[in-house]
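Chemist: model the following, please.
(one chain, ligands or ions: 1)
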Amino acid sequence: MTDKGTYYITTPIYYPSSNLHVGHTYCTVMADAMARFKRLVGFDVMFLTGTDEHGQKIQRIAEEAGISPQEHVDGIVAGIKDLWATMEISYDDFIRTTEDRHKRRVQEIFKKIYEAGDIYRGEYEGWYCTPCESYWTDVQLVDGKCPDCGRLVEKAKETAYFFKMSKYADRLLELLESEPYFLEPETRRNEMIQFVKQGLEDLCISRGSFDWGIPVPIEDGQVIYVWLDALSNYITALGWPAVDGTPGEDDKCRKYWPADVHLVGKEIVRFHTLIWPAMLMSMNVPLPKKVLGHGWLLLSGGKMSKSKGNVVDPVTLIERYGVDALKYFLLREYTFGQDGLFTNEALLGRINGDLANDLGNLLSRWAGMAEKFVCGHVRRQGRDADQSVCAAATSPDNELKELAVSVAGKVEAHMDGFAFNHALEEIWTLIRRSNKYIDETMPWALAKDEAQAARLEEVLYNLGETLRIVSILIQPFMHYSSAEIRKQLGITDVTLKWEDASVFGLEAEYHATKGVNLFPRLDIDAELEALNALVPGGTDEESDGTEIVPDLGKVCAEEEVAEAAAKKGEAEYKPEIEYDDFDKLDLRVGEVVECMRHPNADKLLVFQIRMGNETRQIVSGVAGSYAPGDCVGRKVIVVANLKPRMLRGEESKGMLLFADNGDRYEFVTTEAPHGEKVT
Ligand code: MSP
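Modeler: Below you'll find the predicted structure:
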């Protein structure tokens, strides 16, 4: 194996407020696939995950359960580790923010930023809910009341420490504008650039209203803000800053920092591309090379949310279909960076189609025929690989071989861009071509003719080689299936390398044994009924999936943006209309079930909107504000009785309502079920 250098990849560290759902699994599965892939191609990989265990929310959940916060998180973290063990998530380290190694270093980080002159004592002002002992920002309040208990809140102040975020605004803007590689996808980068341009305020980084956190090292009675604590994990896990005085304590940091990629959900991109770099800038530490913001898995009612209880439990899916089926589905079904809808139908469709019909079938057909026709013994024929590739350029044999050796390169290119779905699609092109090869060469017919014995063996050998290549190609994504294929091929050498996927004719012979059926076919109707009962969130039933997006403390300029937009709106109104004019409008709640770019117009998006029993197409000029994947699952307001018209060749039946702040359009959304009237 050639050493290509180091590769450090991280996931967010998850809140152990309750068990993780399939949304968290999605992120971890992507990171795991990338870590496995990088190891296989020769990188020295460091893959970090963990849990973010402090904060008021965790403290309150534990209090409600009548246990200590530590007991609470210990229980949940044990479950998270079990889940990752079942899925053989190949992390190299799992950091818990309650570990001593982390806590001491976070205090040291606080001190370093303080010594750099970037932390000052000030007054934190917010909306305080006395029964909940919590501060909330304007944005977090629900109808002006506490989002947790619904009671009245009052303005309150307390002494706290602040981090001089504003000092770093120019450098952050320059980073975002001049280094496109630093934050992807581009839509997120543009959002962040706009965010910084609106102005950054200093960030409140200590709290005195609860104590489940890391104590501020320079004053008793305050704990460090959870995000400062949590973000530091990426470097404390590497032993930085050195606090023990032991030799080699921060060797890992020297080796792996800066991180190659922080993989995070889109809702926490802000924390990773503003607060985290500013902290590092303050300490003169190099910045991570890249932050990648992935999209959300949505249920028909919106984002999965632990707090709302509308989640899909990965354990249920794994118990029923296995680890590889879940991993394959998550990696193949969704486009990186975009939101995607999780449905039970889509999951079963992939399992029966791609996995049972294509991959499972290929292996069982080959192993079955090899056992039956040649007693499992398949040898390479007299010709070597290169000669046979040159034989007849258009024969099925050459087509298969040429395709087989070309896939690894294509997978590498797609993996560079985290395009797991395209990488898998390339592999499946080969798998489907192999099934077609069986149909073309008809080994069962060859087996009936003695004179075709050599040809029969050649066909089975070509398929064996293809399966060997497939087993290497799928290894980062589905390692159980990869191992099972090798077992049925009779390959005992477990050291097959990525480079071996680009060579045809490598193995001298195969000893086939028909083993377990990798992915047995499902009776879709019966299975869907059973799954809908087990995973109701994956059905099309309505669910309220909104989640409170974490606030950015004082940095958050959202209130000001809202104020500015409101002021803009105040300016001019259209002329008065009669009530009857308004009454002519038929407004309905619709749900975006699909969204794509208009094939002939850059500014337009083509939506499929479900309203009750009907799904209709509506075209809107909002491509500058939304990526198609960001729209699926949203509940929107539709002008349902607008005369249909053609927009650049696409029919548009109705209109969607958006708020317009002058720079971008925002959906006017609702949580009411689709089809309902808006009056
Ligand atoms: N503790 C913070 C992260 C600190 S990182 C220094 C946190 N934790 S979390 O438990 O809420 O996990 C958030 C992450 O989980 C998201 O950024 C995303 O990677 C993943 N997901 C959670 N719900 C998800 C979906 N519904 N869909 C896809 N990913 C989801 O935020």
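
Chemist: who does Phe162 bridge with?
Modeler: Beta-bridge pairing of Phe162 under DSSP bridges involves Tyr120, Cys204.

Chemist: please report the distance of the one residue in the stretch 301-450 of the chain that gets nearest to the ligand from Leu292.
Modeler: Nearest residue of the stretch 301-450 of the chain to the ligand (CB to the nearest ligand atom) works out as Met304 at 3.9 Å. Every residue, glycine included, has its C-beta placed from N, CA and C. Met304 is 20 Å from Leu292, where distance means CB to CB, to the nearest Å.

Chemist: isn't Leu298 right up against Gln338?
Modeler: No: shown here, Leu298 and Gln338 do not form a contact pair, counting by CB atoms under 8 Å, at 10.6 Å.

Chemist: what residues does the stretch 101-250 of the chain put near the ligand?
Modeler: 230-231, 233 (CB under 6 Å from any ligand atom).

Chemist: can you tell me which residues contact Val459?
Modeler: The contact partners of Val459, by CB atoms under 8 Å, 6 or more residues apart in numbering, come to 397, 437, 441, 443, 446.

Chemist: Provide the partner residues of the nearest residue to Glu123 once chain neighbours are set aside in its beta bridges.
Modeler: Spatial nearest neighbour of Glu123, excluding adjacent residues (CB to CB, 6 or more residues apart in numbering): Lys157 at 5.0 Å. With DSSP bridges as the criterion, Lys157 is bridged to Glu125.

Chemist: state the number of residues packed around Lys157.
Modeler: Neighbour count of Lys157, defined by other CB atoms under 10 Å: 12.

Chemist: what sits against the residue of the stretch 251-400 of the chain found nearest the ligand?
Modeler: Closest approach between the stretch 251-400 of the chain and the ligand, counting by CB to the nearest ligand atom: Gly265, at 2.4 Å. Counting by CB under 8 Å, 6+ apart, Gly265 makes contact with 12, 23, 27, 293-296.

Chemist: from the ligand, how far off is the closest residue to Glu133 other than its chain neighbours?
Modeler: Of all residues not flanking Glu133 in the chain, Ser209 sits nearest, at 5.4 Å (CB to CB, 6+ apart). According to CB to the nearest ligand atom, to the nearest Å, Ser209 stands 19 Å off from the ligand.

Chemist: is Ser209 in a helix, a strand, or coil?
Modeler: coil (DSSP: H, G, I helix; E, B strand; the rest coil).

Chemist: doesn't Tyr135 make contact with it?
Modeler: Yes: contact criterion CB under 8 Å: Ser209 and Tyr135 qualify, at 6.5 Å.

Chemist: now the common contact residues for those two.
Modeler: Shared contacts of Ser209 and Tyr135, defined by CB under 8 Å, 6+ apart, comprise Tyr128.

Chemist: so those two - more neighbours on which side?
Modeler: Set Ser209 next to Tyr135 and count neighbours by other CB under 10 Å: Tyr135 wins out with 24 against 17.

Chemist: which residues touch the closest residue to the more buried one other than its chain neighbours?
Modeler: Sequence neighbours aside, Gly126 is the residue nearest to Tyr135 in space, at 3.9 Å (criterion: CB to CB, 6+ apart). Gly126 is in contact with 135-137, 155-156, counting by CB under 8 Å, 6+ apart.

Chemist: kindly report the same for Leu355.
Modeler: 324-325, 328, 518-519.

Chemist: considering these, which possesses the most neighbours?
Modeler: Tyr328 (27 neighbours).

Chemist: give me phi/psi at Gln59?
Modeler: phi -60, psi -40 (degrees, to the nearest 10).

Chemist: enumerate the positions of stretch 218-230 that are buried.
Modeler: Applying a neighbour-count criterion of 16 or more other CB atoms under 10 Å, the buried positions in stretch 218-230 are 222-230.

Chemist: distance check, Leu48 against Gly55.
Modeler: 20 Å.

Chemist: quick one: contacts of stretch 85-93?
Modeler: Contacts of stretch 85-93 (CB under 8 Å, 6+ apart): 25, 28-29, 32, 35-36, 39, 45-50, 84, 237, 314-315, 318, 323, 326-327, 479-480.
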